[in-house]
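Trainee: sharing a model prediction with you, sequence too.
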2 protein chains.
Amino acid sequence: MSKSLILYDIPSTLPSNTWSPNIWKARYVLNYKGLPYHTEWVEYPHIEGLYKKLGAQAGGTKADGLTPYYTLPLLYDPSTGAFVSDSAAIARYLDKTYPETPTVIPVGTGALHYAFNEALESHFDALWQFALIQTNFILNPVSEEYFRRTREASTFGGRKLEDASPKGEDRKREWARLKGDFGKIDAWYGKGDRYVMGDAVSYADFTVGAWLLWVRIIYGVDSEEWKDILMWHEGRWGALVKGFEKYEAVL
Amino acid sequence: MSKSLILYDIPSTLPSNTWSPNIWKARYVLNYKGLPYHTEWVEYPHIEGLYKKLGAQAGGTKADGLTPYYTLPLLYDPSTGAFVSDSAAIARYLDKTYPETPTVIPVGTGALHYAFNEALESHFDALWQFALIQTNFILNPVSEEYFRRTREASTFGGRKLEDASPKGEDRKREWARLKGDFGKIDAWYGKGDRYVMGDAVSYADFTVGAWLLWVRIIYGVDSEEWKDILMWHEGRWGALVKGFEKYEAVL
C-alpha cells in the first residue's frame, strides 16, 4: 500500500477544480479508507484518448450496447496494475484489494447497493435540469463545448441548455418537485437513522453525499438553492454533507 | 406465538386461488418463518369495507397524497392486535415481533431493501402489459370488473386491456424487452450468487420470487412464456422459484 493510486478527474473553473458527483463517490471512498492517491486532471474530450494511451478498457458501453463508453472516474492502482472504471466498481475493488481499510460495501450488500444506486438516480429527473445545466457554466471551454453538445442531445432531447432550464413559475414548481423526490429518498431511511444502513456509513451514503456535494459546489455554499436544501427533511441532507467534510480532501 | 395470524388475500378462478405478487411476498415470509397463519379471501371491491369493518388504517394514500388507499396484503396479528398493510412493512413487523424466527431484512438493510424494491419495479414496464392483463382473466367476475376499470384508467391510460395487450411482432419485441429488463436485474447479482445477498435468503429474494411466481401462476407452469423464462440468465429465475416451492403452502 506504499504506492499512490491515481484518480482521474474532470477539472472546472472553480478554485477547488472538482465537481463531478460520480468522481466524488470514488474520492469520498479513497479519503474514507485513508488510501494514498493523487488526482490527475482530464478534460472531457480527452477522456477517450487517455484510456487508449493507458491501455485501459472502457467500463461500459453506450446505449447501443456495443460502442465503448469512456468515462471518469478511472482509478489506476500501480501496486496491482489494475485500471478500474465506475465508482461502484472502484468501491468494490478497494474493499477487496485493501481489506485492512474500512469496508464500504458490506459482504452480502453488493446487489442491494447496485439497486440502491438505480433507485436513487430514478428520483433525479428534476435534478438534471438544475444541476446538470448549472454544471455547464463552471467547465473549462474545451469541456463546456463537449458537455453542452452531448447533454443537449441526450438528456434534453435536442433543446439548448438555456431553453431546458426552468424559469419563473416553472422553476418554482420543478424545485418543489425536486424536494418531493428527495422526500421519497428520505422515506427509505429507518426512523432516527442518519445513514442508509443505520449507524454505519456505507457506499450508499457516499453516493447520496456526492450528489448533494455536486449541488453545493456548483451553486455555492451561500446560494439560496443550497440553503434551501439544508432545511429539507429535518436537515438530513445538510447533516450528511457536513459529516463528510472530513472526506473532502482533494489529494 | 400460539395464535394464528390472518393474511387477507384476493381469490381467483384458479384451483390454488392465490396469484397476487404483493400478497405472495408476505406469504413467502410467513411460510419461511414458519409462523402459524390462515388466509381469508376478499374480492377487490370489498377491500375498503374490510378495513373499515376491522378498524384498520390504510397503509398508504392514492396519488393525491390524501385519499386513503386500501390494499392487500393486510395482516392481522391477534397476539398483539396489530393490523399491518404492505408486504415490506409486514416483513419488518414479523422480524421485530417474532425475533426467534429467521430474519428476512437483516439489521442495517431496511433502507437498501426499500430502494431495491423501487429499483426492481422500475424495470417492470414491459411486465405489466403481459402479466397485469393476463391477471384480469383469472379473477372472479366481481373483482374482474373492478380490476379492469381501475387498471385501464391507471396503468393503460384509458385503453381497453385487450387493446393494450401487444400482438404479433409487437409482442415479440415487448417480450424481448422484458427479457432485457430481467437482464438488468440479473446484472445486480454478485458472480455466482444465487440470492440478492449472496448465500443467504432475504426479503429481496421473496420480492423477486413473488413477481416470477405471478407469471408462473397466471400463464401456467406448462406455458411457453414460463418455459422461456426458465431459460433466461442461466436459469436464475427458474432456480429461484423452484427453490422457494417449499414456501408455497397456502394455509
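Mentor: Everything's here; your move.
Trainee: make it CA atoms for all contacts and neighbour counts henceforth
Mentor: Noted.
Trainee: show the contacting residues for the residue in the stretch 1-150 of chain A that chain B sits nearest to.
Mentor: The stretch 1-150 of chain A approaches chain B most closely through residue A:108 (4.2 Å), counting by CA to the nearest CA. By CA atoms under 8 Å, 6 or more residues apart in numbering or on different chains, the residues touching residue A:108 are B:196-199.
Trainee: mind doing that once more with 7 Å?
Mentor: Contact analysis of residue A:108 by CA atoms under 7 Å, 6 or more residues apart in numbering or on different chains lists B:197-198.
Trainee: for residue A:202, see how far away it is.
Mentor: Distance, residue A:108 to residue A:202, using CA to CA, to the nearest Å: 13 Å.
Trainee: which outside residues touch stretch A:131-141?
Mentor: A:12-14, A:144, A:147-148, A:161, A:165, A:215, A:218.
Trainee: endpoints of it, how far apart?
Mentor: Stretch A:131-141: ends 18 Å apart by CA to CA.
Trainee: show me what counts as buried in it.
Mentor: A:131-136, A:138-140 (16 or more other CA atoms under 10 Å in any protein chain shown).
Trainee: what's around residue A:128, how many residues?
Mentor: 16 (other CA atoms under 10 Å in any protein chain shown).
Trainee: what do you get for residue A:222?
Mentor: Quick note: residue A:222 (other CA under 10 Å) scores 9 neighbours.
Trainee: got it, and residue A:41?
Mentor: Burial of residue A:41 is recorded as 15 neighbouring residues (other CA under 10 Å).
Trainee: PyMOL command to pick out the buried ones of the contacts of stretch A:131-141?
Mentor: Buried residues among the contacts of stretch A:131-141 (16+ other CA under 10 Å), as a PyMOL selection:
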select buried, chain A and resi 12+144+147+148+161+165+215+218
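Trainee: in a markdown table, list the contacts of stretch A:131-141 along with pLDDT and distance to residue B:64.
Mentor: Shown next, in a markdown table, are the contacts of stretch A:131-141 (pLDDT from 0 to 100; distance: CA to CA, whole Å):
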| residue | pLDDT | distance to residue B:64 |
| --- | --- | --- |
| A:12 | 97 | 42 |
| A:13 | 97 | 44 |
| A:14 | 95 | 42 |
| A:144 | 96 | 41 |
| A:147 | 95 | 38 |
| A:148 | 95 | 37 |
| A:161 | 92 | 32 |
| A:165 | 92 | 27 |
| A:215 | 97 | 29 |
| A:218 | 95 | 34 |
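Trainee: mind putting the contacts of stretch A:131-141 in TSV, distance to chain B included?
Mentor: What follows is the contacts of stretch A:131-141, written out as TSV (distance: CA to the nearest CA, whole Å):
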residue	distance to chain B
A:12	32
A:13	35
A:14	34
A:144	32
A:147	27
A:148	28
A:161	27
A:165	26
A:215	22
A:218	27
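Trainee: quick one on the thing from earlier: inside helices: which ones of the buried residues of stretch A:131-141?
Mentor: With DSSP state H as the criterion, helices contain A:133-136 from among these.
Trainee: next one: phi and psi at residue A:95?
Mentor: When read as degrees, to the nearest 10, the backbone of residue A:95 gives phi -60, psi -40.
Trainee: residue A:103 is in contact with that one, correct?
Mentor: Yes: counting by CA atoms under 7 Å, residue A:103 is a contact partner of residue A:95 at 5.5 Å.
Trainee: what about residue A:211, how many neighbours?
Mentor: 22.
Trainee: oops, could you answer that again for residue A:76 instead?
Mentor: Quick note: residue A:76 (other CA under 10 Å) scores 21 neighbours.
Trainee: now it: closest residue in space, sequence neighbours ignored.
Mentor: residue A:83 (4.6 Å; CA to CA, 6 or more residues apart in numbering or on different chains).
Trainee: same question for residue A:24.
Mentor: Using CA to CA, 6+ apart, the closest residue to residue A:24 is residue A:210 (5.5 Å).
Trainee: flag every residue of chain A that's near chain B.
Mentor: A:108-116, A:118-119, A:188-190, A:196-198 (CA under 7 Å from any CA of the partner chain).
Trainee: now with 8 Å, please.
Mentor: A:107-116, A:118-120, A:122, A:188-190, A:196-199 (CA under 8 Å from any CA of the partner chain).
Trainee: now the buried members of these.
Mentor: A:108-116, A:118-120, A:189-190, A:196-198.
Trainee: show me what the helix or strand bottoming out on mean pLDDT in chain A is packed against.
Mentor: Lowest by mean pLDDT, DSSP states H and E among the helices and strands of chain A is strand A:60-61, with a mean of 88. Judged by 3 or more CA pairs under 8 Å, 6 or more residues apart in numbering or on different chains; DSSP states H and E, strand A:60-61 is in contact with strand A:68-69.
Trainee: show me what the top helix by length along chain A is packed up against.
Mentor: Secondary structure of chain A per DSSP H: the longest helix is helix A:168-186. On a contact count with 3+ CA pairs under 8 Å, 6+ apart, helix A:168-186 meets helix A:125-127.
Trainee: which ones are touching residue A:92?
Mentor: Contacts of residue A:92 (CA under 8 Å, 6+ apart): residue A:105.
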